[in-house]
Structure formats: C-alpha cells, structure tokens
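Asker: Show me how the following folds:
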Amino acid sequence: IQHEIIRLLAGRSLNLFMVGDEDQSIYGFRAAYPQALMDFEQVYPGAQVLLMEENYRSSEEIVAAANAFVARSRYRRPKTLRATQGAQCPIEIRRITRREEQIDWLFEEARRGGGETAVLFRNNESALPLVDLCERRCVPYRFKKADLTFFTHKIVLDAVDFLRFAYEPANGERFLRLYYKFGLALSRQRALAACGASARTGRPILEELIRDSETKTRMRESLGDIYAAFKRIPQLNAADALDAVRHGCGYGAYLNQKGMDTGKLAILEMLAEQEPNALRLLDRLEELRMLIAAKAYVNSDVPFVLSTIHSSKGLEYDRVVLVTDIRGGTRFDSLFQALDGLRAMQCAYSILFMEATDEVIIQRYKETRRSHPLADECDSLEEAIALERRMLSPLRERAAHIIDTSGLTARGLRAKLLQLFARGPAERSM
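Answerer: Model (predicted):
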C-alpha cells in the first residue's frame, strides 16, 4: 500500500529517489517489500540504478563470507561487495553439538577477555543462560538493548503458573488459566464447579475433580496422573520440576498440539539446571529480570558484549562469535556451499568437530533430561544419534580438529581448546 501511494504521488513528475538493499529486506512482518526494489525499473521506466558495492567497515574475510552466503539467494540483483580495508584475520567455524557446551565455551571467552568481543544471538532470550552464569560468577558483561519480553511470554507465564499451582493447589484463578492445557477434555463449566467446591472444602481443586461422581473412570485416571505430577513438583529439583510440567502435567503435549515453539521452555530448563527447587527458579527469574532491566541503563566499557544480530547492525567489534545450532534449522548443504565459496575466495577458516561415543551421549541426555533435536523423526534416542552422525559426517570430514569428549572433564576440554586455539602466552596461562 505504501509503495502504491508513492507511485501515485510520483507518477506525473517521476521525481523519486529510492535507497534500499533487497539482501536486507528480511522483515516481512514489518512490511518489508523487496519486490519494490527488484521491480523499480519496470514501475518507473527509464530509472537509473546505482549499485553501491564498496564496503568501508568490514575486513575482506567478513565481506567474502557475506558474499558467499547471500549469493545463494536467487531473488537479488547481481552485485558483489568489495572490502576497502583489506585482509585482517581468518574466520573460525567451531561445531559444538550441545547447547550446554556452547554456553560453557562462551563463558570461557568472557573470562578470558583479550579485546572487545561480541556474542551475537538470534534473540535476547538465547543469551539468558550465559547472563545467568556471568552473574553467578561475577564475570562482567554488557547486554546491548536488553529485552524483557521473555519474562512476559505466554509459555514462560504458563510455566510459572504450573509451578506455582503445585504449591497452591486450591488457587482457583491460577487453575482456570491451566485446566485446558492438561490435554484433557475438561469443560470450563466443570473447572468452575471444581474451583467452587475447593473454595468450600479447602481441598485441592484437582482432588475435587477426582472425587466428583460425574467424572468418568478414564478421566479420573488421567486427572490422578496429573495430580500426582503436581504433588511431586515441590520435592523435585528445578530441572525435574519443569520436566514434570512438560511430561507429567500434559503441557508438552499441549504445546505440540498447538504447534507452539518450545524454545522458551528450553531456556527455562537450562536456567533450572542451576537451581535446587522450583521456588528458587521462580525467584531467579525475577532476579534476572531486574538485573537485565538495570543493565539496559548502564553505559559500560566492559569489552564482552551480548547482543542480537539485529541490534548490532552498524556497529563494530574486534571479535565476533555467531551463535547457532541444529535447532535453528541449519541446512548443511547450504553451509558447505558457503564454505566452498570462502575457500574459492582464498579465505581461511577452520572447523572444530566435537564427538563422543553413543553410550556417553545417551548418558548425557539422561543426566540433563533433554530431548534429542531429532527425536520427533526417530523411534528411539539411539536412532536419533545415528541419524545425527550421518547428517554430520560430511562436516566431520572437513574438520581440521576432532575432539572426542567421551572421557574429558570440563577442565580437560578447556585445556584442549586452549592448546588448539589460544593465540598467545597470556591466553594459555589463563
């Protein structure tokens, strides 16, 4: 609509000057319309197109990587950026298979220092586990344009309600926000009736539903399982409590049925690993919200910077770590194409591949109570691991360094990483 209005206004005099870049028009939900750039000469016959292909900010390595990546898009003008700064340092690509290892590696980067370092995340909440670690261990960091919407997201508020209800089983207001998320055919009328009965007797709402003579046998059994899960939560550590919410209380099935992204729940589960019980996790969420809100108003010179990719646009950092994983929808054929493009442009890079035996990987998933990223495509964890190995085998073949982490402690892994990548005596003595 905006471009049609512009066309009508400029239609007679054709005095229109448009600046844009179809390679950056990714925000369709904000009305980005790259087609207006691609069709400019057709809409305005005789228009002149000027390509600005010189990059004055980034090094040859970064510009070459950007060219190789964006060249995969077919809906763009034929242009190639050229860096005016020349070569500086090669881009390193490190493959880390588990998000927990990713956070540990980034935390070591924060502790090590060595010049301004920016960690770029897809969204703000992805940084929360790293923020939590830095705060606990007093490692300074800067959070650029911190966003608090994670703490008011529907899934986070639901998780809080589930955990609180375990401690307040007669809270009718909270129950009415939860009952239809158990995965049961429970009507609002019956939910209200159970709340009323609980208010009169003081008994838990779920107990009133189970006692109700109108509750059918199968429904009574399902309610009994959910009630048992709620009763267990106060005795569990925070990670197990969230697992009970996801699996025992039916919330995971509800999210899957609605096709909702469980990324927020995964962040909560990582934060829960640090807490002894559900109440402490709830307190920590509030603490983090206040800490991040305070960081937003501090103009600090701390060299370790956390930011989203979008909010870092136009800024410069000495070193950059770009964070992604297989759950972000990584396609390895596209990755290999980009890597081949870098090599063709004589840009150096190195790949670190970490692996472990099947037995160790299975044990790690049991200890962390995580679902394998490919679990929905396989019948068992063993099959998911085998599929992941097949998917990663081409990447492993290209790796300059392969580390078997099966028998390594965190300290041992850190020592190997320093041995491979530390760039000076100061870093090796860390």
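
Asker: From here on, just use CA atoms for contacts and neighbour counts.
Answerer: OK.

Asker: Sketch out the strands for the stretch 251-400 of the chain, chain order is fine.
Answerer: In chain order, the stretch 251-400 of the chain shows strands spanning 304-308, 319-322, 351-355, with DSSP state E, counting those that start in this stretch as the criterion.

Asker: What strands flank the last one, and is each parallel or antiparallel?
Answerer: What that stands for is strand 351-355. Here strand 351-355 is paired, per DSSP bridges, with strand 93-95 (parallel), strand 401-404 (parallel).

Asker: ok, and what's touching the one helix or strand residue 134 maps to?
Answerer: Residue 134 is part of helix 128-136, with elements assigned from DSSP states H and E. Applying Cα atoms under 8 Å, 6 or more residues apart in numbering, the set of residues contacting helix 128-136 from outside is 103, 106, 107, 140, 141, 267, 270, 271, 288.

Asker: Whichever helix or strand comes after it: partners in the sheet, and parallel or antiparallel?
Answerer: Downstream of helix 128-136, the next assigned helix or strand under DSSP H and E is strand 142-143. Strand 142-143 sits in its sheet next to strand 304-308 (parallel), going by DSSP bridges.

Asker: quick one, helices of the stretch 201-350 of the chain?
Answerer: Listed in chain order, the helices of the stretch 201-350 of the chain (DSSP state H, counting those that start in this stretch) span 205-211, 217-232, 238-243, 251-258, 263-272, 278-295, 332-344.

Asker: Quick check: which of those helices is buried the most?
Answerer: helix 238-243 (a mean of 24; mean count of other Cα atoms under 10 Å).

Asker: Mind checking the strands of the stretch 251-400 of the chain for the one nearest to residue 385?
Answerer: Evaluated with Cα to Cα, those place strand 351-355 nearest to residue 385, the distance being 11.0 Å.

Asker: before we move on, the earlier item: lowest average confidence across the strands paired with strand 351-355, which one?
Answerer: When these are compared on mean pLDDT, strand 93-95 scores lowest, with a mean of 81.

Asker: Contacts for that strand next, please.
Answerer: Residues outside strand 93-95 that contact it (Cα under 8 Å, 6+ apart) are 349, 350, 351, 352, 353, 354.

Asker: could you flag which of those residues are buried?
Answerer: Among the contacts of strand 93-95, those scoring as buried are 349, 351, 352, 353, 354 (criterion: 16 or more other Cα atoms under 10 Å).

Asker: any chance of the residues you listed in JSON lines, with pLDDT and distance to residue 152 too?
Answerer: Putting the buried ones among the contacts of strand 93-95 into JSON lines (pLDDT from 0 to 100; distance: Cα to Cα, whole Å) gives the following:
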{"residue": "349", "pLDDT": "68", "distance to residue 152": "40"}
{"residue": "351", "pLDDT": "79", "distance to residue 152": "38"}
{"residue": "352", "pLDDT": "80", "distance to residue 152": "37"}
{"residue": "353", "pLDDT": "82", "distance to residue 152": "37"}
{"residue": "354", "pLDDT": "84", "distance to residue 152": "36"}
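
Asker: What is the nearest of the contacts of helix 128-136 to residue 53?
Answerer: Nearest to residue 53 out of the contacts of helix 128-136 is residue 106 (Cα to Cα; 33.6 Å).

Asker: Near that closest one, how many other residues are there?
Answerer: The burial count assigned to residue 106 is 16, neighbours taken as other Cα atoms under 10 Å.

Asker: what about it, which SS state?
Answerer: Counting by DSSP: H, G, I helix; E, B strand; the rest coil, the backbone at residue 106 sits in helix.

Asker: Contact partners for residue 73?
Answerer: Taking Cα under 8 Å, 6+ apart as the definition, residue 73 has no contacts.

Asker: separation between it and residue 23?
Answerer: Distance from residue 73 to residue 23, counting by Cα to Cα, to the nearest Å: 8 Å.

Asker: for residue 386, same thing?
Answerer: According to Cα to Cα, residue 386 stands 37 Å off from residue 23.

Asker: Throw the helices of the stretch 201-350 of the chain into a markdown table and include mean pLDDT and distance to residue 38, thanks.
Answerer: As requested, the helices of the stretch 201-350 of the chain are exported to a markdown table (pLDDT from 0 to 100; distance: least, Cα to Cα, whole Å):
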| stretch | mean pLDDT | distance to residue 38 |
| --- | --- | --- |
| helix 205-211 | 95 | 60 |
| helix 217-232 | 95 | 56 |
| helix 238-243 | 95 | 49 |
| helix 251-258 | 89 | 37 |
| helix 263-272 | 90 | 35 |
| helix 278-295 | 89 | 41 |
| helix 332-344 | 64 | 24 |
